[in-house]
Every structure is written in structure tokens, then in C-alpha cells.
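**Student:** Quick one, what's the 3D model for this:
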Amino acid sequence: MVVVCLESTSVNAVEIVPYPSGSAYYNTSDNIGTSYSAWDSGWGTGNTNNGWDYVGQVGGANDASGVYLGNGWVITAGHVGALDFTLGTNTYATNGTSFTSFSFTNAGTVYAADLNLFKISTTSIQGNSLLPTNNLIIPSWYTGTRNTLVMIGYGYTSGGRQKSWGTNTVTINNLLVPLDGSPYTTVDFGTAYGQTSYGTNSAKLVVGDSGGGAFIKGGSTWFLAGINQANDRNGNSYFVNLAYYSSEITSVMNAVPEPQSWTLIALGIAFLMSLSLWRRRPKASVITRSSP
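**Tutor:** This next block holds a predicted model:
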């Protein structure tokens, strides 16, 4: 059941990566495997990638974070936009394909989700694969309280903007959270500020973390459960609960070709048919296509 938040907890819609509240240091290297149980397992065949490898930087005036889902698709927060995506030392331009019309209906009211799914123009340079080969998995189950998150993003730390990570525990889930000054009211889960009882890696989101990933382990598999979204005025962090939008995300990623592509296909079929008629074939050819 979705709970509509009626208290004064509207969120500042600013680009927001983790700030370890129990330590003076940021976790800026991929040492999650030694700090969080079995981080390097459960990512797919061969377990050659982990969540750290999927979180990149979305550039431009609204520079923030983004997560590579697979097959050329990147997901980020809707208030970030569709911009170039940098993963490691490689930058990929968008190809102009993006989708922001994610929504959720509650009690007859349709709410716009703070999500943006866009496609980058290439997945390789000079024939060498530079992006993770396994697709991330979005959970079909809704994130609940007391799930431990691994939060990753490109926030502005004391040393400048850099990739970092931290952990926290979900304390509130499935709220319809409005963002200040934006059209978005998204189904979120959140973590409370200052949960140092969960260890020195306890984290909150800071400026630049928007669009990064919140990962949760279910059984033996790691899932991308949330997209970093915002903080409220009390310093609590909020994440878009991707389970609510997983079917829409899958639908967009598996969509049929663009209309202009179908036009070219139709022209090609017409050309083949004209050749068939010109050659006076005794019977027509049947052209079939499988669903994408």
C-alpha cells in the first residue's frame, strides 16, 4: 500500500553521492567487496562486474550521476535530463532517444515519476567493449524497511566531485514524495540521516548524487532497487523505488523500432514486391517478422 506523505517533508530537487556520517573519509575506491558481504558476487554470468562499475557521471550544466542498465540504456533522475554519460574514462553521447513519461497512479491520480531513461550512441570504441556486459536487474518486489542499501554516486565531497559509496538502512518506504519546484511526485523509499549505529559507512546523499544507484541484495542476487533522488530539509535521503516502474522501464528498453525505421522497412518490402511483380513470379512471397 502506498502511503501519501502529508507532513512537511517536501524534497529539495537538487543533484545529490554518499556522505559517510561516521567517518572523516569518503569511500572513493571500489573497496565495497571487503566492506560489505559478497558485494562482488551475484551480478551475472562470471560475476565480472559489480554495481560500482555501472554508476557513471551525467555531464552538462546539471552534472550529476547515472546508472548504466545495459544494451546502451542509462537511467538517471528526471530532473537531471538526458546528457552525455561518462563511465570510467570513456564518454558516450546520447543518441537523442530518451523517455521521461514514467508515471504511477494512486487513488485515481496520476503522478509523474522523477526518472529519465536515455540511450547512448555507442557501446564500444574501436571494437573493444568498454561498458559492462551484464545487464542490471531491477527487483519486482518493493523495497521494504530495514533493507540495507549500498549507495553510489558522483557527489561533491570535500575533495571535489568524485565517485563514492556508503551504506544505510531503509527506514521509510513507498511514499509519494513531491519535489520542490518540479512536476515530480515519485514513489520513493528513504533513509534517515545520521544512522551511525549501522557502522562507519552510514551515508546520506549530497549534491551531485542525483541519478546514482541504490543497490540491495535479495537472496544471492544484487538488484538496482532505487535511483538517488534528493534530501529533505532534515538531511534524510530519498530514492525512486524502481520496482514500481520496472515494467515501464522494460517496455521502453524493449520497444519496437522508431517510426522512421518502420518506414524504411515498409519501403524495402514495397521494393521487393515490385521486383516480384516485375519478374512475374507465379506466387507471392510471405514476409513475416517476429515481435521484438
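**Student:** number of nearby residues for the closest residue to N168 other than its chain neighbours?
**Tutor:** Of all residues not flanking N168 in the chain, T191 sits nearest, at 4.0 Å (CB to CB, 6 or more residues apart in numbering). The C-beta positions use only the backbone N, C-alpha and C, and glycine is treated the same way. As a burial measure, T191 scores 28 neighbours (other CB atoms under 10 Å).
**Student:** same thing with W141?
**Tutor:** Neighbours of W141 using other CB under 10 Å come to 11.
**Student:** That one: what's it in contact with?
**Tutor:** 218, 243 (CB atoms under 8 Å, 6 or more residues apart in numbering).
**Student:** Tell me the secondary structure at it.
**Tutor:** Following DSSP: H, G, I helix; E, B strand; the rest coil, W141 is assigned to coil.
**Student:** Ok, G33 next?
**Tutor:** G33 ends up helix, using three-state DSSP.
**Student:** Surely it and G51 touch.
**Tutor:** No: in this structure G33 lies outside contact range of G51 using CB atoms under 8 Å: 10.7 Å.
**Student:** Do me a favour and get the end-to-end distance for stretch 213-233?
**Tutor:** From the first residue to the last, stretch 213-233 extends over 21 Å; the measure is CA to CA, to the nearest Å.
**Student:** next one: stretch 171-190
**Tutor:** Where stretch 171-190 begins and where it ends lie 6 Å apart, using CA to CA.
**Student:** go on, stretch 68-81?
**Tutor:** End-to-end for stretch 68-81, by CA to CA: 15 Å.
**Student:** tell me the contacts of the residue nearest to N168?
**Tutor:** Counting by CB under 8 Å, 6+ apart, T191 has contacts 149, 168-171, 204, 236-237, 239.
**Student:** Minimum pLDDT in those, which residue is that?
**Tutor:** Ranked by pLDDT, the contacts of T191 bottom out at K204, which scores 83.
**Student:** Assumed that residue was part of a helix.
**Tutor:** No: under the criterion used here (three-state DSSP), K204 is coil, not part of a helix.
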